[in-house]
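Trainee: just a sequence and a predicted model for now, questions to come.
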Amino acid sequence: MKVGIAKEIGPGERRVAVTPDSVRQIKAAGYDVLVEAGAGAGAYIPDAKFQEAGAGLVTSTADFWSRSEIVLKIQPPIQNRSLNLHEADLLGEGSTLICMLRPLSHIDTVRMLANRRVLSFSMDMMPRTTRAQTMDALSSMSTIAGYKAVLIAGDTLPRLFPMLVTAAGTIAPSRVLVVGAGVAGLQAIATARRLGAVVEAYDVRPAVKEEVESLGATFVGPKLDPGEAQDEQGYAKPLSAEAQRKGVELLGERIPHSDVIITTARIPGMPAPRLISADQIAAMKPGSVVVDLAADMGGNCELTEPGETVVRHDVTIHGPVRLASTVPVHATQMYSKNITTFLLHLTKDGKLSPDWSDDIASATCVTRDGQIVHPATRARAQGVAPAASGSQARSQG
């Protein structure tokens, strides 16, 4: 079977799904590998490196898609303007697609895949289990996003992060508030602490308190029972009205004292929860900075503009989208490990042979045999809103 490594055409996307080292692994498993010309350019991987690893180079985009039986990507299929065709229509009927499909937000694309009888798997639907850790692309990309968010804040803030004792006097450390102690949040905490900031972390889940404190930050969050705040997989879940009120009040108390706020709260396939109002931004100190990692889902801050940096009430608000793509070398390295491990997990005797009794295969499969098989996506396609499931940062595609 031929595995194709597609060139990403989305705006600002610099990653590629697979590195040359992973190409060697895929070939060793019994596949032939095709790479679309220029696929690795944004991540500084020349075509020659893929060819040295044993991949065939395909210069025609249409030819690449027609020849590839399994396509590995990062972003969901989008319209190819040069060909005036959607990438979903370029896929051969009965082929396989593996990418960060984010199906709850791309229902029309999912319908197109089902109509073409494409077997599709979404890397962002990977179960949060020990067995699936090496395939967890969301955690990989969230790690990068959390790190980069702090660098963006530090570059914008008109103050220094660490406390300094100098001949000119003592400079007080900056105060950083991280909202959401998921993967992105924990990485943001660790990075801000390394830069010398005083860090607080807000989360509704009592279970993350120990992780937050182990990184040297102060945990702030409403006093809730673990079962009230998180589901079996450890994700935050919708709270009662009273619990929400307590959380909002507690968060509101911390906002005016913070020089930097990094927000990470999101609900897959649904608008991000609004946690910071315009009035609260106005109450922050002039020169303060907000980095909203939920910008692509509408933002945790009322004044966030996705993909833009704006100044409101003398507060700079960053709304980065695809932040991991701004670190394309290591983001590609990590994603390549995730997707290659997943592909090999589905492989038997050199062929794609998913075991549908396996929770990794079944949880990530979106379309199969012409049907939408992912329950929440099928419900959304039928016009039924899926139940909210988790609000911590998990999608940094």
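Mentor: Arrived safely.
Trainee: what is the burial count for the nearest residue to residue 254 once chain neighbours are set aside?
Mentor: Using C-beta to C-beta, 6 or more residues apart in numbering and skipping the chain neighbours, the partner closest in space to residue 254 is residue 177 (5.4 Å). (C-beta placed from N, C-alpha, C; glycine too.) Residue crowding around residue 177 was assessed by other C-beta atoms under 10 Å; the count is 25.
Trainee: swap in residue 349?
Mentor: 7.
Trainee: quick revisit: check for me that the residue nearest to residue 254 belongs to a strand.
Mentor: Yes. Using DSSP: H, G, I helix; E, B strand; the rest coil, the secondary structure at residue 177 is a strand.
Trainee: how much space between it and residue 156?
Mentor: Shown here: residue 177 relative to residue 156, a distance of 15 Å by C-beta to C-beta, to the nearest Å.
Trainee: the residue nearest to residue 254 touches residue 203, doesn't it?
Mentor: No. The pair residue 177 / residue 203 is not scored as a contact, 11.4 Å apart, by C-beta atoms under 8 Å.
Trainee: so the closest residue to residue 133 other than its chain neighbours is in which element?
Mentor: Counting by C-beta to C-beta, 6+ apart, residue 139 is the residue found nearest to residue 133 once chain neighbours are left out, at 7.7 Å. Remark: residue 139 resides in helix 137-156, with elements defined by DSSP states H and E.
Trainee: so for that helix, what gets flagged as buried?
Mentor: Neighbour-count burial for helix 137-156, with 16 or more other C-beta atoms under 10 Å as criterion, is recorded at 137-150, 152-154, 156.
Trainee: now do stretch 45-53
Mentor: Going through stretch 45-53 with 16+ other C-beta under 10 Å, the ones that come out buried are 45, 47, 49, 50, 53.
Trainee: now swap in stretch 187-199 and tell me
Mentor: Neighbour-count burial for stretch 187-199, counted by 16+ other C-beta under 10 Å, picks out 187, 188, 189, 190, 191, 192, 193, 195, 197, 198, 199.
Trainee: one more: stretch 57-71?
Mentor: Of all the residues in stretch 57-71, those buried under the rule 16+ other C-beta under 10 Å are 58, 61, 64, 65, 68, 69, 70, 71.
Trainee: and the fourth one, that one's in a helix?
Mentor: To tie it back to what came earlier, the one meant is residue 65. Yes. According to three-state DSSP, the state of residue 65 is that of a helix.
Trainee: per-residue confidence at it?
Mentor: With respect to pLDDT, residue 65 scores 97.
Trainee: how close does it get to residue 126?
Mentor: Applying C-beta to C-beta, the value for residue 65 to residue 126 is 25 Å.
Trainee: equivalent analysis for residue 95, please.
Mentor: Relative to residue 126, residue 95 is positioned 21 Å away (C-beta to C-beta).
Trainee: domain-wise, how is the protein divided?
Mentor: If the domains of the chain are taken from automatic domain parsing, they occupy 2-135+335-381, 143-325, with pieces of a single domain joined by a plus sign.
Trainee: number of nearby residues for the residue lying closest to residue 278 once chain neighbours are set aside?
Mentor: Counting by C-beta to C-beta, 6+ apart, residue 278 lies nearest to residue 302, which is 4.9 Å off, once chain neighbours are set aside. Neighbours of residue 302 under the rule other C-beta under 10 Å: 16.
Trainee: state the phi and psi torsions of the closest residue to residue 179 other than its chain neighbours.
Mentor: Computed as C-beta to C-beta, 6+ apart, the closest residue to residue 179 that is not its neighbour in sequence is residue 263, at 4.3 Å. Backbone dihedrals for residue 263, given as degrees, to the nearest 10, come out at phi -110, psi 140.
Trainee: okay, residue 263: pLDDT?
Mentor: Residue 263 carries a pLDDT value of 97.
Trainee: what of residue 321?
Mentor: In this prediction, residue 321 carries a pLDDT score of 93.
Trainee: how far away is it from residue 306?
Mentor: Relative to residue 306, residue 321 is positioned 6 Å away (C-beta to C-beta).
Trainee: identify the contacts common to these two.
Mentor: By the contact definition C-beta atoms under 8 Å, 6 or more residues apart in numbering, residue 321 and residue 306 are jointly contacted by 295, 296.
Trainee: ok, for residue 283, nearest residue in space, not its chain neighbours?
Mentor: The shortest distance from residue 283 to any residue other than its chain neighbours is 4.7 Å, reached at residue 256 (C-beta to C-beta, 6+ apart).
Trainee: with residue 213 instead?
Mentor: Distance criterion C-beta to C-beta, 6+ apart; nearest residue to residue 213, sequence neighbours excluded, is residue 219 at 5.9 Å.
Trainee: and the one you found, bridged to which residues?
Mentor: Here residue 219 shows beta-bridge partners residue 201, assigned using DSSP bridges.
Trainee: now do the contacts for it.
Mentor: Listed by C-beta under 8 Å, 6+ apart, the contact set of residue 219 reads 181, 200, 201, 203, 208, 209, 212, 213.
Trainee: for those, which one is nearest residue 164?
Mentor: When the contacts of residue 219 are compared for distance to residue 164, the smallest value, 20.8 Å, is given by residue 200; criterion: C-beta to C-beta.
Trainee: got the residue ranges for the strands in the stretch 201-350 of the chain?
Mentor: Counting by DSSP state E, counting those that start in this stretch, the segments of the stretch 201-350 of the chain that form strands are 218-220, 260-263, 289-292, 309-312, 315-318, 347-348.
Trainee: can you tell which of the ones you listed is closest to residue 27?
Mentor: Using C-beta to C-beta, the strands of the stretch 201-350 of the chain put strand 347-348 closest to residue 27, at 11.9 Å.
Trainee: distance check, the residue nearest to residue 179 against residue 141.
Mentor: Following C-beta to C-beta, the distance that separates residue 263 from residue 141 is 17 Å.
Trainee: in the stretch 51-200 of the chain, which spans are strands?
Mentor: Across the stretch 51-200 of the chain, reading from the start of the chain, the strands by DSSP E, counting those that start in this stretch fall at 56-58, 70-72, 79-80, 85-86, 96-99, 119-122, 164-166, 169-171, 175-179, 198-202.
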